[in-house]
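K.L.:
Sequence plus predicted model, see below.
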There are 2 protein chains.
Amino acid sequence: MGRFTRNNRVVAITKILMENPNKIIGLNRFTELLDAAKSTISEDILIVRETLEKLNLGKVETVSGAAGGIKFLTDISKEETLEFIKDLCLLLEDKSRIVPGNFIYMTDVMYNPHIIGKAGTILASFYNNFQVDCVVTVETKGIPLAYEVAKRLGVQLVIVRRDNKVTEGPTVTINYVSGSSGRIQNMSLSKKSLPKGSRCLFIDDFMKAGGTALGIMDLLKEFDSELIGIGVLVDNIETNKKLIGEYVSIVEFLGINEEGKALINPSKCFK
Amino acid sequence: MGRFTRNNRVVAITKILMENPNKIIGLNRFTELLDAAKSTISEDILIVRETLEKLNLGKVETVSGAAGGIKFLTDISKEETLEFIKDLCLLLEDKSRIVPGNFIYMTDVMYNPHIIGKAGTILASFYNNFQVDCVVTVETKGIPLAYEVAKRLGVQLVIVRRDNKVTEGPTVTINYVSGSSGRIQNMSLSKKSLPKGSRCLFIDDFMKAGGTALGIMDLLKEFDSELIGIGVLVDNIETNKKLIGEYVSIVEFLGINEEGKALINPSKCFK
């Protein structure tokens, strides 16, 4: 294999940074792989950083010290964010999505890697500087989005379950009241899955009154951990009395009108 | 914003290709974004392709025709695959993973984006040329891995549920017999979630006798769809009589020895 040109090296560095969001990568990983001097690699990194920032494709930060190196932070331009949100509103407003009981069918959207990849980029970019230790979600529909956010923040995903499983070891279970239905429900989390003192971000598909988020707060207390942010794809603003404080949403659901059409607007968070 | 140099352009092209695995991207997306002629972009793409292939970081294919362009296929070198599998065996053999009932606690592994990203790359690379239409999994533990494979293959994820939800519309439910316990269980899938005639890849965390995979086959028949492959992270080879035919696994679980240690070997699929 011949020596690499600068063009080759910047391609390789870009690829490796993107595969490892928010992870510190020592320069020697690049000097070894690309058979180049540290000063050469430093110049390459400058080119990668400038290009990504110019095009709003992400940020490259330098971390100094013995365990230092560079890390890639996910980012997205305001224009791309707003265009994505506009398209998502149109997609969710499609009449064929209304299922009996006046619910919106969103499963295909929540499991579409292209859509969830973009939504995850938007939420992760928002929480880049919040020192998040892990991303928490409740099974099932929000898992791909929560995974995408966790991956882009470079942290562990934690999935709270509705039931106990024999393969999870000792488990903490709490009861919580669903904010909209008033019913009492269960949430379980394996004791092994969350270290004490974690700063957690809760990600979910849909928020109504916020009962689930409130349950997560209670559950995290049992782990001496803290909820530092909440992000959802769809916020149902028909229900005014949110049980929780601040959170971030991507679109807002205003209800279904007389013609049986769902009303979906861009959320105010990214305007 | 000034004009872009070749270095800038190859960085941007790499980033955009990686964000859209297995999606055809027309060259005009690049000519517009980077304000360059088609011939220039074609030369840039050649550099990106050569670099990624030289370093086994992925493949760039040209698709001709009116809707043509280029697409990025995920790939990983044999050395990186084997090193990852070796590390995963060591991680899973850790004694503290054994929970009462002689199960291995693997939840942290299944929800670790760094590990699942690599495992997903390995499985997606294997199935790159299988004309997969969607990736199917059963809730809950295999979802991140299945999502990662779906994303890298550029296809929709479909999650089969254990119960019915009001937000899913009409649903098909089947019963199946768990191969290891012999118990009858349910699987449900919304009729909206899978188009007829789909070629499906089933991805899961763990395989024992293969009862779940057999259930998936039956369920897919109800959707006039086909199971064309099965990929799991851990194959329990204690259970010899697999109910199903061919499948791909990353590591093999041989049981727990007298000292209470799990025995995990690299699977034969990637040797």
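P.N.:
Received the coordinates, thanks.

K.L.:
In contact with the nearest residue in space to residue A:173 that is not next to it in sequence, which residues?
P.N.:
Nearest non-adjacent residue to residue A:173, counting by Cβ to Cβ, 6 or more residues apart in numbering or on different chains: residue A:188, 4.5 Å away. (Each C-beta comes from the backbone N, C-alpha and C, glycine too.) Going by Cβ atoms under 8 Å, 6 or more residues apart in numbering or on different chains, residue A:188 touches A:160-164, A:168, A:171-173.

K.L.:
at 6 Å instead, please
P.N.:
The contact partners of residue A:188, by Cβ atoms under 6 Å, 6 or more residues apart in numbering or on different chains, come to A:161, A:164, A:171, A:173.

K.L.:
Among these, show me the least confident.
P.N.:
Lowest pLDDT among these: residue A:164, with 78.

K.L.:
I'd guess it is in a helix, am I close?
P.N.:
No - counting by DSSP: H, G, I helix; E, B strand; the rest coil, residue A:164 is located in no helix; its state is coil.

K.L.:
Please verify my assumption that it contacts residue A:171.
P.N.:
Yes - here residue A:164 lies in contact with residue A:171, judged by Cβ atoms under 6 Å, at a distance of 5.4 Å.

K.L.:
pretty sure residue A:206 is in a strand, no?
P.N.:
Yes - under three-state DSSP, residue A:206 falls within a strand.

K.L.:
Chain B contacts on chain A?
P.N.:
Applying Cβ under 6 Å from any Cβ of the partner chain, we find that chain A lies next to chain B at A:7-8, A:10-12, A:14-15, A:18, A:47-48, A:51, A:55, A:57, A:99, A:101, A:103, A:105, A:107, A:111-113, A:139-140, A:143-144, A:147, A:150-151, A:156-157, A:166-167, A:169, A:192-193.

K.L.:
List buried residues within those residues.
P.N.:
Neighbour counting by 16 or more other Cβ atoms under 10 Å in any protein chain shown classes A:7-8, A:10-12, A:14-15, A:18, A:47-48, A:51, A:55, A:57, A:99, A:103, A:105, A:107, A:111-113, A:139-140, A:143-144, A:147, A:150-151, A:156-157, A:167, A:169, A:192-193 among these as buried.

K.L.:
before we move on, back to that, and the residue nearest to residue A:173, how far is that from chain B?
P.N.:
Distance from residue A:188 to chain B, counting by Cβ to the nearest Cβ, to the nearest Å: 12 Å.

K.L.:
Quick check: buried residues in stretch A:52-64?
P.N.:
Residues A:52, A:55, A:57-58, A:60 are the ones in stretch A:52-64 that count as buried (16+ other Cβ under 10 Å).

K.L.:
tell me, which strand in chain A spans the most residues?
P.N.:
If you go by DSSP state E, chain A has its longest strand at strand A:226-236.

K.L.:
in the very next helix or strand once past that one, what counts as buried?
P.N.:
Sequence-wise, the next helix or strand downstream of strand A:226-236 (DSSP states H and E) is strand A:248-256. Buried residues in strand A:248-256, defined by neighbour count with 16+ other Cβ under 10 Å: A:248-253, A:256.

K.L.:
low-scoring stretches of chain A, by residue?
P.N.:
Low-confidence segments of chain A (pLDDT under 70): A:1-2, A:241.

K.L.:
which residues in it form helices?
P.N.:
A:6-19, A:27-34, A:38-54, A:78-93, A:107-110, A:113-127, A:143-153, A:211-222 (DSSP state H).

K.L.:
what helices or strands is the shortest one leaning on?
P.N.:
Pointing back at helix A:107-110 there. On a contact count with 3 or more Cβ pairs under 6 Å, 6 or more residues apart in numbering or on different chains; DSSP states H and E, helix A:107-110 meets no helix or strand.

K.L.:
Export it to PDB, keeping only CA atoms.
P.N.:
Taking Å, rounded to 0.1, in the frame of the first residue of the first chain, the C-alpha atoms of helix A:107-110 are listed here in PDB:
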ATOM      1  CA  THR A 107     -44.500   3.800  13.900                       C
ATOM      2  CA  ASP A 108     -43.100   3.900  10.400                       C
ATOM      3  CA  VAL A 109     -41.600   7.300  11.100                       C
ATOM      4  CA  MET A 110     -40.100   6.200  14.500                       C
END
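
K.L.:
Any idea how far apart the tips of stretch A:65-73 sit?
P.N.:
With Cα to Cα, to the nearest Å applied, stretch A:65-73 spans 19 Å between its terminal residues.

K.L.:
Please name the bridge partners of the closest residue to residue A:112 other than its chain neighbours.
P.N.:
Using Cβ to Cβ, 6+ apart and skipping residues adjacent in sequence, the residue nearest residue A:112 is residue B:156, 5.9 Å away. Under DSSP bridges, the beta-bridge partners of residue B:156 are residue B:134.
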